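Trainee: Just to be clear, the model below is a prediction. Sequence and coordinates:
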Amino acid sequence: MADINNEECKKQFTNAFNFCWKLLKVNNYYLSEICCDDTSKQSTIYGQKMYNKLLEIFEDMLKNNDVTQLNDINNDPVDIEFITVDEDYDKLNNIDEPAVDIFDDVDDLSKYEKQAEEIEDVPLNKRLIGKLKSATSTDSTCDQMDNKNSSINNSVDDDDDDDDEDYSLVEKSGALVPLSEKIRVINTLKNNPDWTAEMIREHTGCKYIRSRKTLLHWIQQVENKKSLFQANKKINDWVFRKCVEYKNKDIILNNYSIINLRNEAKEVLNIDDKFKLPAASTWLTRFKKEYNIIGDASNLILLDMNVISSSSSTASLSSSPDISIDKSINKVNVIPIRLRAKKICVPLDEKTRVVKLAKQIGPNCSFKTLQEKSGCKYLKTRQQLAEWQEQVDKGGPCDYQFNKISNWVYSKCLEEKKNNRIITNSLICCWGIEAKEKFMFTSLKFQATKAWVTLFKRKYKIYGDPNDLKISN
């Protein structure tokens, strides 16, 4: 039975790879006419990374029984032209779309998030939305009668047929309407609430406005997207505060704990179920980049514990960037939000030197005198000195201890490789335990688990059979 599932999984994996390849070609990321006989070293490195990622996807398909789930889905042919490049955008943007919609111009999720900064406070007054809805209701009646004799591509129409042909051509080619364009149109509508859809279209030059229904739908989209990013920001800030608590309590922080905190945050903060915000690997990468979190996946380091300002604890609208509108040209200008100071990592040797000097001088000496005699420009407060004292007594900060264990284990792997001996998962696990005892990191909460071995191999590019591992050059 396992072999059958394995073969079926390979078929699905092959189909998925071919579909991905087609997407790359359609969106001009892949150049089929280039000769691949002469491959650069850099291309080889990236190729190996791609290969490793694809293997992870294949293993996940096997573990999660994705094959059985995929088989239950109707395998109709998919039109490549109407597929967005980043699937995570489709998951995050949980908005009900009409039969014929105008797609957002989103090449990837990072670009999508950047567009969120362009969103003005667009909530329109109830009177204006009421006007749109009442005007739309008459359009809808006409639309329903027209739909009986029209194709899917023309399911929503307006009272002007002049642009139908243009829009139909645009729609068939998979045209995209940027979020900034929708905001520009909505701002024009705010200033002129009595204008018809045709007048708005002529004034803005946006030929994608087909009816009042289109305008109403765009307003809902912008509102939903703004709420989505507010919810996401609220979750991220909560997770980061928990990360700071972990570090203050000397609890190990890794990728798994951050993902678990993300899931916990959605329950604690009572985030609306309509916002499907999965703790995916893409979210984790962006979260660590935004909040200056680096280091080994099994033991992460917070470079700046003060990334969140006190005012952002409410995760209110005031935490979003200020936006000004130039009404003469109808453009949105975004004011940059915050600049983070670069975090300096002080070497353990320097901390040890300062702590020893503090003991020699004695407790009666003023802190200013210690600063002058030590010549250490990184020493700012007595609390910092106390933290350094604690770290030195423990043999170094947690991240230092973890890295020292990992580096020692890796040196053992290189030694075994040099002597043509076999390296196994079990050996790496034993070396991890031995390293902790060797360096006497008694207070370090370290266990050479299967998860740690996996992360260790990924960090040092060790691959292959668990009973006969290979080290990348």
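Mentor: Thanks, I have the structure now.
Trainee: Under the pLDDT cut-off, which ranges of the stretch 201-350 of the chain? List them.
Mentor: Applying pLDDT under 70 to the stretch 201-350 of the chain flags the ranges 273-279, 306-344.
Trainee: So what's the residue count around Gln360?
Mentor: By other CB atoms under 10 Å, the residues close to Gln360 number 9. (Glycine included, C-beta is placed from N, CA and C.)
Trainee: Give me the nearest residue to Trp431, chain neighbours excluded.
Mentor: With sequence-adjacent residues excluded and distances taken as CB to CB, 6 or more residues apart in numbering, Trp431 is closest to Val409, at 4.5 Å.
Trainee: Could you tell me how many residues sit around that neighbour?
Mentor: Val409: 23 surrounding residues under other CB under 10 Å.
Trainee: so it makes contact with Cys430?
Mentor: No: between Val409 and Cys430 there is no contact under CB atoms under 8 Å: 9.5 Å.
Trainee: picking up where we left off before, got the contact list for the helix or strand hosting the residue nearest to Trp431?
Mentor: Taking DSSP states H and E as the definition, Val409 sits inside helix 398-418. Identification of contacts with helix 398-418 by CB atoms under 8 Å, 6 or more residues apart in numbering yields 250, 252, 295-296, 298-299, 301, 348, 391, 394-396, 422-423, 427-428, 431-432, 435-436, 438-439, 441, 444, 446, 456, 459-460, 462, 469, 471.
Trainee: Now list the buried members of the residues you listed.
Mentor: Among the contacts of helix 398-418, the ones that count as buried by 16 or more other CB atoms under 10 Å are 252, 295-296, 298-299, 301, 348, 391, 394-396, 423, 427-428, 431-432, 435-436, 441, 444, 446, 456, 460, 462, 469, 471.
Trainee: mind listing which of those residues are in helices?
Mentor: Among the buried ones among the contacts of helix 398-418, the members falling in helices (DSSP state H) are Leu348, Gln391, Lys394, Leu427, Ile428, Trp431, Gly432, Ala435, Lys436, Phe456.
Trainee: how near is the fifth one to Thr285?
Mentor: Separation of Ile428 from Thr285 (CB to CB, to the nearest Å) stands at 26 Å.
Trainee: and the longest helix seen in the chain, what does it pack onto?
Mentor: Ranked by residue count under DSSP H, the longest helix found in the chain is helix 212-248. If you count contacts as 3 or more CB pairs under 8 Å, 6 or more residues apart in numbering; DSSP states H and E, helix 212-248 packs onto helix 109-116, helix 126-147, helix 179-191, helix 197-204, helix 255-268, helix 281-290, strand 299-302.
Trainee: now the angle from the fourth one to helix 179-191?
Mentor: Okay, so that is helix 197-204. If you take axes from the mean of the first three to the mean of the last three CA atoms, to 10 degrees, helix 197-204 sits at 120 degrees to helix 179-191.
Trainee: which SSE is Lys351 in?
Mentor: Using DSSP H and E, Lys351 falls in helix 348-361.
Trainee: ok, now Gln12?
Mentor: Here Gln12 sits within helix 2-26, counting by DSSP H and E.
Trainee: So which bits of the helix or strand just after that helix are buried?
Mentor: Downstream of helix 2-26, the next assigned helix or strand under DSSP H and E is helix 41-63. By neighbour count on 16+ other CB under 10 Å, the buried set for helix 41-63 is Phe58, Met61.
Trainee: Mind giving me the packing neighbours of helix 41-63?
Mentor: Secondary-structure packing of helix 41-63 (3+ CB pairs under 8 Å, 6+ apart): helix 2-26.
Trainee: average pLDDT across the helix it packs on?
Mentor: Per-region confidence: helix 2-26 scores 77 on mean pLDDT.
Trainee: In PDB, could you pull the C-alpha coordinates for the helix holding Val409?
Mentor: Extracted C-alpha coordinates of helix 398-418, given in PDB (Å, rounded to 0.1, in the frame of the first residue of the first chain):
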ATOM      1  CA  CYS A 398      22.400  30.900  25.200                       C
ATOM      2  CA  ASP A 399      23.000  31.600  21.500                       C
ATOM      3  CA  TYR A 400      26.800  31.600  22.100                       C
ATOM      4  CA  GLN A 401      26.600  28.200  23.800                       C
ATOM      5  CA  PHE A 402      24.400  26.700  21.100                       C
ATOM      6  CA  ASN A 403      26.700  27.900  18.400                       C
ATOM      7  CA  LYS A 404      29.700  26.500  20.300                       C
ATOM      8  CA  ILE A 405      28.100  23.100  20.500                       C
ATOM      9  CA  SER A 406      27.100  23.100  16.900                       C
ATOM     10  CA  ASN A 407      30.600  24.200  15.700                       C
ATOM     11  CA  TRP A 408      32.300  21.500  17.800                       C
ATOM     12  CA  VAL A 409      30.000  18.800  16.400                       C
ATOM     13  CA  TYR A 410      30.600  20.100  12.900                       C
ATOM     14  CA  SER A 411      34.400  19.900  13.400                       C
ATOM     15  CA  LYS A 412      33.900  16.200  14.500                       C
ATOM     16  CA  CYS A 413      32.000  15.600  11.300                       C
ATOM     17  CA  LEU A 414      34.800  17.100   9.200                       C
ATOM     18  CA  GLU A 415      37.300  15.000  11.100                       C
ATOM     19  CA  GLU A 416      35.300  11.800  10.400                       C
ATOM     20  CA  LYS A 417      35.100  12.800   6.700                       C
ATOM     21  CA  LYS A 418      38.800  13.400   6.500                       C
END
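Trainee: in it, what counts as buried?
Mentor: 398-406, 408-410, 412-413, 416.
Trainee: Closest to Lys41 out of those?
Mentor: Within the buried residues of helix 398-418, proximity to Lys41 (CB to CB) peaks at Tyr410, which comes in at 22.4 Å.
Trainee: The helix holding Gln12 - contacts with which helices or strands?
Mentor: Using 3+ CB pairs under 8 Å, 6+ apart: helix 2-26 touches helix 41-63, helix 66-71.
Trainee: Select from those helices the stretch with the lowest mean pLDDT.
Mentor: The minimum mean pLDDT among the helices and strands packed on helix 2-26 belongs to helix 66-71 (a mean of 44).
Trainee: who's in contact with Ile271?
Mentor: Going by CB under 8 Å, 6+ apart, Ile271 touches Ala231, Lys234, Ile235, Ala265, Leu277.
Trainee: List the contacts of Ile251.
Mentor: Ile251 makes contacts with Glu245, Lys445, as judged by CB under 8 Å, 6+ apart.
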